[in-house]
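Colleague: pasted the sequence and its predicted model underneath.
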Amino acid sequence: MWRLVLRRLLVSVPLLWIVSVIVFVLESLIPGDVARGVLGVSATPAQIAALRRAAGLDQPLWRQYADWLGNALHGSLGRSLVDYSPVSAGLNQRLPVTLSLVIGATLAATLAGVVLGVLSSRGHPLIARLIDVLSIGGLAVPGFWLALILISVFSVRLGLLPATGYVAFGNSPSGWAQSLVLPVIALSMNGITAIAKLTREAMLDVLASEFIRNLRANGIPERSVVYRHALRSSAMRILTMSGLLFIGALGGSVVIEHVFGIPGLGSLAVSATTAKDIPVIQGVAIYFTLLVIVVNLLTDISYAWINPRVRGS
Amino acid sequence: MTTLLPAAALPGDVSRAGGPGATGRSQGAAGHARRLLRRPLGLVSIAYLLLLAVAAIAPGLLAPGDPQAPDFAHVASAPAPGHILGTDALGRDMYTRIVYGTAPELAGILIAIAVAAAVAVPCGLAASLSKRVDGVVSSAGDLVLSIPSMVVLLMVLAFSQSLNGAMAALGLLTAPGLMRVTRSAALPVAEEPYVAAAKVFGLGRVSIAVRHVLPRVTGPIVVNLALIAAHALIMAVGLNFLGLGLHPPAPSWGSLLSDGAAALDQQAWVIIPPGGVVALTVIALVLLGDAVRDVAAESWAPRHHTPRINSRGRRRDDRRRDAPGEQAPGMADALLAVRDLRVAFPAVDGGLTTVVQDVSFDIRRGEAVGLVGESGCGKTMTGLAVLGMLPAGARIVSGAIWVNGRDVTRLPDRERAALRGKTIAFVSQEPMVALDPLFTVGFQVAEAVRAHARVSRAAARQRAADLLALVRITDQQRVAKSYPHEISGGMAQRVAIALALAGDPEVLIADEPTTALDVSVQGEIIELLSALQAEKGLAVMLISHDWGVVSGLCARSVVMYAGQVVECARVADVLSEPLHPYTAGLLGADPHLAVPGELLRTIPGTVPPPWTWPQSCHFQDRCRYVQPDCRGQAIPLVPAGIERVSRCLHVEVLAGAEAAS
C-alpha cells in the first residue's frame, strides 16, 4: 500500500510542474503589459518600470519561472501585485473557508446520493423516478442559479438563513453551520444525482455477483447482504466518484463563493483575475492542484482501507 | 453509409434474429436523422436549438425591440403587457435581452465542442487502432483530467479577457473524457472482422478510421458532445455571471443573471427568465443526446433473446399455480421430492421458453444423489429452483418441490428464505468468488452462524472455528483471520462448505463443487462431502458433469439432457449398463472412465438452445441410434429395471449394442 501512495506522489510531481508551466506559458501570451494592466492607464512610465523590476517582469520568461520555482520550493509564492502582501499568507487564511464549503458539499452529496442510490437499487420505483428527475434537474439547474433561488426563498422571503457572508467555526460553530447551509446545498446538487446513479449501478452489479448469491443461498439475512456486503463492495466506486465530486466542487466553489460573498480561495481567484494579479492566480492554481493531489491520495488510502487486496500489495 | 460487406461480417446475432429492421446498416445517416425526428423529444429539442441559433444569428427577427431601451414605467417588473418576461432593474425588456444575449453563450458552446471534437476524436480513433498511440494519448489524457479546469479558465480570462479563449481552453480540458468515449466505442469496432478484412485489403489506417470506424462510433461521440455542450454552456454562463467575459451593456444570459442577483431583494422574478433559458437549453441538449443514443442503439444492437415479462403468460401461469394442492407422491421417506418441475423464461415472442421440463426426482434423508449432464441441460436451474433463487425473469410454471412434506413453491418469500441455510444449503462451483473478498473467512462463517442461531459474537466465533475443524482445516485460527484471496482454492471450497453447514442444514446442494479445483484437491473435497454425509446424515444434491465425482459420492444419479430427465438409476447400474444413448455418450466421453490407449469418444455437437427443443426426443440429432419413431412423438419415461427409468424408445437396442461393443 505504501508503494501505491509513493507512486501516486511521484505522479503528482509532474502534475504540479505542468500546472505551473501552463501558468507561465499563459502569462507570456498576455497581450500588453501586465504592469500597466495592474497600475491602470494613469500610471507614469517610472511607476510601471518600478513595478516591473520589483515583480521581476523585466526578466526573460525562463528566468522568471526559475525564480518563482526556486521560491515556491522554499514555500514562498511571491507577493501580490496589487497590495504587495505575501501570496501564501492570503491563501492560507482563505483555505479553511473553501475547505469547509467543498468538503461539506462533497459529504452532503455522497450521503444523500448513497441513500437514494441504495433505495433505488432495492427496487423502489418512486425513488428511481425521483433520481431520474433529479438528475436532469441537477444537470440543468446551474449551481449559481440554484444559489440565487435559495437566497431569494430562504433569505429574502423567509429570512431563515443568511444570504451572504461567512462565520469562522472558531467564532461561532452555529453561525458557521448556518452560513454554510445554502452554499453547500447549491454546490452539492449536481453531485447527489451522480452519486445516486453510480451507487445504484454499483449495487446492482454487486448484488448480481456470485458471492452475494452464495450468501443469500446460505441464509445470510438480506439486510446484511445489502448493507454490509454489497454496500462495502460498492464503496470503492462510490469513493472514486466522491473524489471526482470534490474536484468538481472546487471549481464550482469559485462561482458559489462569489454568489454568497464567502471569502475563500475562489472569490480570491475571481478578484485576482479581474485585477490581473498574476502571482495570486498562480498561487490559487498551485493550491487547487495540491488539493487535487491530496484528494487522490486520500482516495487511494481509502481503497486500501476497504479492500484487503490493495492493503496487501 | 452503405453495406459493402457480406452478411457474415455483421456483428453478433443479426443473422439469426433476422427480419427487416434488425440492423440499420443499410438505412444510413438519412435513416438515422429520420428516426431522430420521429422521436417527439428529439424533435422538440432540435426545434428549440434551431430557434436559439436564429436568436444568435439574427436576434432582430425574434425580438424587434432595442435590448438597451429602458421602460421607466416598468422597472424590475414581473411579466406585464408589453414585457412577456418582465423587465430588469433598469426597465429593459427581459425577453429582448435574453434573445440578444444568446449569441455569446452559443458561440462559447460551439467553440468548446469544436475544440474538444477536433482534439479528442482523432486521438481516440488513433488510440483504438494502435497500441503505441494508445499508451501515449491515454496517459496524457489522465494528466489533463487532474488539472483543476476552473483555475485554468480564470487564468486564460485574466490574460486574454476573452470568453472565447476560455471556452477553447475548456474544450481542451474536456477532450480527454471524449477521447476515452471515442476510444472505448471504437475498440470493439476495430476488432471486428470487416475492419480486419479492410486491413488485409491494404487500406491505410487513416482511411479505415474514417470510412469504417468513425461512422460506427458517431452515436456515442454525439451523445458525449451534447453533454460537453451542456457543461460548456453552464461554464460560459458562469463566467459571464462573474463578470469575467463580456462587459455590459452588451447582454449575455450570465450577465442578466448577475444583474438579477443584484436586484434580488427588490424583485425575485428577475433571476427566473435568464436561469430558466439556461436550464431549458441544457435539457434540450441532454434530451437530444439521449435521442441520438437511442437511435444509434436501435440501429446497431442486434435483437437478443432478451427475456421480457408477458402479462398474458403470467396470468395463465398463476391460474395453474392456484390449482388445489396434491399430496407428495412417490417415496414416503423423501426429504426432498421434486415433482414435474417446469421452469421457464419469457420469450421474445411473448410466449415462454421452457428450460426445465417436468423434472421429478427424490432425495432421501442422508442420501447423495447426482444430477448429471452437460452445461445447458437445466441441472443448475433445477438446483436454483429448489433453493428458491431462480434468476430474474425465470419462474416455476408448474410442478412442486416438497421439502419435509411441504410444497415450498407455495410458501411466501419470507418463509422460503428462512429455509435457506437452515434446511437447504448451497455450495457453488467457483470457491474463489463464492466468498466476499472484503471480509475475513472467520467473520463470514461466524456471520452465517449468527444468521441461524441467536448466539453471542464470541460463541459464533467459537462455532465458526469448530465448523472449520469439521471441514478438516487444521490451522483454524490462522485461516479464520485470512481474507479469501490469501487462501488456496481447495481451502476456499472447504470454507464455503463450512459456511453452508453453519445452519446445520438437512440437504446440501453442491453445484459442480470440484470443477474449478486441481485434480488432487477434487478428491479431498469429495471425500470430505462423503464423510459429512456419513457423520451428520447430510443429504447431498450433487450437480455435476463428471461421472468420477458422482460415483465417488452418490448412490443414485439423475441424468438430465436439454431440460428433461433422461435416465434415473443407481450409479453402479448406470456405470455398468447405461440405458439411454445420452448417458452412454456421457460415460464414453468421461476421461476418468476411459480405457487407457483407447480413443475418447465424444458426443458430436452441443446441447441445443431451449427455444429449439422439439416435442419429440430432445437427443435425436446427436443420437447414434436414432430411428424414425424418435422424431415423431413425445417420449415418456419408462421403467427400465429395478429403481430405474429411461426416456428412450429403444432401450433394448442400446443394451444390446453396448453389450456387443
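Modeller: The structure has been received and is ready for your questions. Residues are numbered from 1 along each chain as shown, chains lettered A, B, ... in the order given.

Colleague: is it correct that residue A:224 is in contact with residue B:448?
Modeller: No. When contacts are counted by C-beta atoms under 8 Å, residue A:224 is not listed as touching residue B:448 (10.0 Å). (Each C-beta comes from the backbone N, C-alpha and C, glycine too.)

Colleague: more neighbours: which of those two?
Modeller: The neighbour count for residue A:224 versus residue B:448, taken as other C-beta atoms under 10 Å in any protein chain shown, is higher for residue B:448 (26 against 14).

Colleague: which one is the more buried one nearest to, not counting chain neighbours?
Modeller: Nearest residue to residue B:448 in three dimensions, chain neighbours excluded: residue B:502, at 3.6 Å (C-beta to C-beta, 6 or more residues apart in numbering or on different chains).

Colleague: quick one: pLDDT of the closest residue to chain A within the stretch 101-250 of chain B?
Modeller: Ranking the residues of the stretch 101-250 of chain B by distance to chain A (C-beta to the nearest C-beta) places residue B:150 first, at 3.3 Å. What the model reports for residue B:150 is a pLDDT of 82.

Colleague: buried ones in the helix or strand where residue A:198 lies?
Modeller: Residue A:198 is part of helix A:173-207, with elements assigned from DSSP states H and E. Neighbour counts using 16 or more other C-beta atoms under 10 Å in any protein chain shown place A:176, A:179-200, A:202-203, A:206-207 of helix A:173-207 among the buried residues.

Colleague: list the buried residues in the helix or strand hosting residue B:198.
Modeller: Residue B:198 belongs to helix B:193-200 when elements are defined using DSSP H and E. Residues of helix B:193-200 classed as buried by neighbour count (16+ other C-beta under 10 Å): B:194-195, B:198.

Colleague: now stretch A:124-135
Modeller: Those would be A:127-128, A:130-131, A:134-135, for stretch A:124-135 by 16+ other C-beta under 10 Å.

Colleague: in chain A, what residue is nearest chain B?
Modeller: As assessed by C-beta to the nearest C-beta, chain B sits closest to residue A:219 within chain A, at 2.2 Å.

Colleague: helix/strand/coil for that residue?
Modeller: coil (DSSP: H, G, I helix; E, B strand; the rest coil).

Colleague: kindly provide the distance from it to residue A:208.
Modeller: Going from residue A:219 to residue A:208 by C-beta to C-beta, to the nearest Å gives 19 Å.

Colleague: compare the two (neighbour count), which wins?
Modeller: Applying other C-beta under 10 Å to residue A:219 and residue A:208 shows that residue A:219 carries more neighbours, namely 24 against 12.

Colleague: now do the contacts for that one.
Modeller: By C-beta atoms under 8 Å, 6 or more residues apart in numbering or on different chains, the residues touching residue A:219 are B:417-418, B:420-422, B:425, B:448, B:451-452, B:503.

Colleague: can I get those residues in TSV with pLDDT and secondary structure?
Modeller: Output for the contacts of residue A:219, formatted as TSV (pLDDT from 0 to 100; DSSP: H, G, I helix; E, B strand; the rest coil):
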residue	pLDDT	secondary structure
B:417	89	helix
B:418	90	helix
B:420	92	strand
B:421	91	coil
B:422	91	coil
B:425	93	strand
B:448	93	helix
B:451	91	helix
B:452	90	helix
B:503	90	helix
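
Colleague: next, count neighbours for residue B:138.
Modeller: 17.

Colleague: for the one 10 residues further on, same thing?
Modeller: Other residues near residue B:148 number 23, with proximity taken as other C-beta under 10 Å.

Colleague: okay but it is in contact with residue A:253, surely?
Modeller: No. Using C-beta under 8 Å, residue B:148 is not in contact with residue A:253, being 10.6 Å away.
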